[in-house]
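Colleague: Structure here, sequence nowhere to be found:
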């Protein structure tokens, strides 16, 4: 056999190997990628496979997520961004990155909102201080409302670290231990950004977080949340929460696969006494969490424990598959290790927020999909904003 024939066979063999590798990657993603411009990552990147024929429900596409602080909300925001982008949905976007927080939400806080234009929005999901009457002006009547809670002791530990340079109550305290021992020594009503220092989730829900605790007040707030929100998730049981969300929204497993975003470099371990004191200091949040912890597990029981275990197992396997395909290393890394500016999360003062490194040896479409899964919320919001309003400029709509 001539050398040229041997080389030709080797080239064909290498080509076949490359095609098989790409095919394997697409098979793992279980998604078909349409052709797209290599210069601009396509906004409608992927076309989801149709749901199996046995599904009788219709996917919900009018969604309002109240993103509470330090409760894994950034990770949920990413999955909503991806779902809306993939399905061509319209977002109610803030002018910057929050809806005029910490002030109570008003419909005019939505970029481009015009009361005379009706209700063209499908998804609302960025930080706000909740105001149901104003949200209703923007979102359709059949909107699905959900939010997420976290043990207030864990919220407090995370908030102290993240907002230490911003909240006056935290700034006055020499360290977390000192704040836990005597929070009232440092906390003053009305001081700048003190909404992060006491009952922050209660505040995000639109209630007064400085009102002295009474059972009557706590129950009235819980009742209001239960009447408005279709689902309340728990950060401590994130995977179970994703399965319940998938079920309620009639979405597919791929729609709720996530990777942890906005996580810190380090966190302090709280002892039993610290947890007890922080729950007492944040008593409105603790009552709220305790109540919805019960309703959460009621929903799990109705869903079925064995079925939940099976679904969570599938979700974890899917996450592992995608992590192996998409990322360098086994987890998030320090921001200085991330070469791509678009993947570096916002860095608050005196804190390191981790991000992800996406493999460079992937086909363009696959790599773009992987990037979307770990794009920080600020960059993703800018991406959606640029697309949505460039379209609006060309067709006269939002």
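Modeller: Nice, I can see it. For clarity, every value in this text was computed on a predicted model and none was experimentally measured. Residues are numbered from 1 along each chain as shown.
Colleague: what's near enough to touch the nearest residue to residue 91 once chain neighbours are set aside?
Modeller: Distance criterion C-beta to C-beta, 6 or more residues apart in numbering; nearest residue to residue 91, sequence neighbours excluded, is residue 123 at 5.1 Å. (Glycine included, C-beta is placed from N, CA and C.) If a contact means C-beta atoms under 8 Å, 6 or more residues apart in numbering, then residue 123 has 61-65, 80, 83-84, 89-92 as its contacts.
Colleague: From those, which land in strands?
Modeller: Applying DSSP state E to the contacts of residue 123, the entries found in strands are 63-65, 91-92.
Colleague: Switch those residues over to a markdown table; also include distance to residue 200 and neighbour count.
Modeller: Output for the ones in strands among the contacts of residue 123, formatted as a markdown table (distance: C-beta to C-beta, whole Å; neighbours: other C-beta atoms under 10 Å):
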| residue | distance to residue 200 | neighbour count |
| --- | --- | --- |
| 63 | 23 | 22 |
| 64 | 19 | 26 |
| 65 | 17 | 23 |
| 91 | 24 | 23 |
| 92 | 23 | 25 |
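Colleague: any chance of the residues you listed in a markdown table, plus distance to residue 244 and pLDDT?
Modeller: Formatted as a markdown table, those follow (distance: C-beta to C-beta, whole Å; pLDDT from 0 to 100):
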| residue | distance to residue 244 | pLDDT |
| --- | --- | --- |
| 63 | 14 | 98 |
| 64 | 17 | 98 |
| 65 | 14 | 98 |
| 91 | 23 | 97 |
| 92 | 24 | 97 |
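Colleague: For residue 323, give its distance to residue 286.
Modeller: For residue 323, the distance to residue 286 equals 34 Å [C-beta to C-beta, to the nearest Å].
Colleague: do residue 66 as well
Modeller: Note on residue 66: its distance to residue 286, by C-beta to C-beta, is 19 Å.
Colleague: Between the two, which is the more surrounded one?
Modeller: Using other C-beta atoms under 10 Å as the criterion, residue 66 and residue 286 rank with residue 66 on top: 27 against 21.
Colleague: is the nearest residue to that one once chain neighbours are set aside in a bridge, and if so with what?
Modeller: Once flanking residues are discounted, residue 66 sits nearest to residue 147: 4.0 Å by C-beta to C-beta, 6+ apart. Here residue 147 sits in beta bridges with residue 66, residue 232, as judged by DSSP bridges.
Colleague: can you give me the helices in the stretch 151-300 of the chain?
Modeller: Using DSSP state H, counting those that start in this stretch, the helices of the stretch 151-300 of the chain run over 152-162, 168-172, 176-181, 183-186, 200-204, 215-228, 238-249, 272-281, 283-303.
Colleague: Point out the most buried one among those helices.
Modeller: The highest mean neighbour count among the helices of the stretch 151-300 of the chain, using mean count of other C-beta atoms under 10 Å, belongs to helix 200-204: a mean of 25.
Colleague: Return the residues in contact with the residue nearest in space to the middle of the chain.
Modeller: When C-alpha atoms, centre = their mean is applied to the chain, the residue found nearest the centroid is residue 76 (2.2 Å). Contact analysis of residue 76 by C-beta under 8 Å, 6+ apart lists 65, 67, 125, 148, 233, 258.
Colleague: pretty sure the second one is in contact with residue 125, am I right?
Modeller: If I follow you right, that is residue 67. Yes. Counting by C-beta atoms under 8 Å, residue 67 does reach residue 125; the two are 6.1 Å apart.
Colleague: Name the residues contacting each of those two.
Modeller: Residues touching both residue 67 and residue 125 (C-beta under 8 Å, 6+ apart): 76-77.
Colleague: From residue 231, how far off is residue 322?
Modeller: Distance, residue 322 to residue 231, by C-beta to C-beta: 25 Å.
Colleague: any chance you could map the strands in the chain?
Modeller: Taking DSSP E as the test, the strands found in the chain are 63-66, 91-92, 123-124, 144-149, 231-234.
Colleague: what's the neighbour count on residue 381?
Modeller: Residue 381 is flanked by 21 other residues according to other C-beta under 10 Å.
Colleague: ok, now which ones touch residue 221?
Modeller: 202, 205, 207, 284, 288.
Colleague: Out of those residues, which is nearest to residue 380?
Modeller: residue 205 (24.3 Å; C-beta to C-beta).
Colleague: Need phi/psi at the closest one.
Modeller: Main-chain torsions, residue 205, degrees, to the nearest 10: phi -80, psi 0.
Colleague: let's number from 767 now, not from 1
Modeller: OK, 767 is where the count begins now, so the last one is residue 971.
Colleague: surely it meets residue 992?
Modeller: No. The pair residue 971 / residue 992 is not scored as a contact, 11.5 Å apart, by C-beta under 8 Å.
Colleague: sorry, back to before: turn the helices of the stretch 917-1066 of the chain into CSV, including distance to residue 822 and mean pLDDT.
Modeller: Output for the helices of the stretch 917-1066 of the chain, formatted as CSV (distance: least, C-beta to C-beta, whole Å; pLDDT from 0 to 100):
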stretch, distance to residue 822, mean pLDDT
helix 918-928, 38, 96
helix 934-938, 50, 95
helix 942-947, 50, 96
helix 949-952, 51, 95
helix 966-970, 35, 97
helix 981-994, 27, 97
helix 1004-1015, 13, 98
helix 1038-1047, 42, 97
helix 1049-1069, 17, 98
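Colleague: isn't residue 938 right next to residue 948, touching?
Modeller: No. Using C-beta under 8 Å, residue 938 makes no contact with residue 948, being 10.7 Å away.
Colleague: With residue 982 as the reference, measure out to residue 1147.
Modeller: 39 Å.
Colleague: oh, I was asking about residue 1057
Modeller: According to C-beta to C-beta, residue 1057 and residue 982 sit 14 Å apart.
Colleague: got it, and residue 913?
Modeller: To residue 982, residue 913 is 23 Å away according to C-beta to C-beta.
Colleague: ditto for residue 1067
Modeller: 29 Å.
Colleague: Likewise for residue 951?
Modeller: 28 Å.
Colleague: pLDDT score assigned to residue 1118?
Modeller: Residue 1118 is assigned 89 on the pLDDT scale.
Colleague: again, but for the one 5 residues further on
Modeller: The predicted local distance difference test score for residue 1123 is 95.
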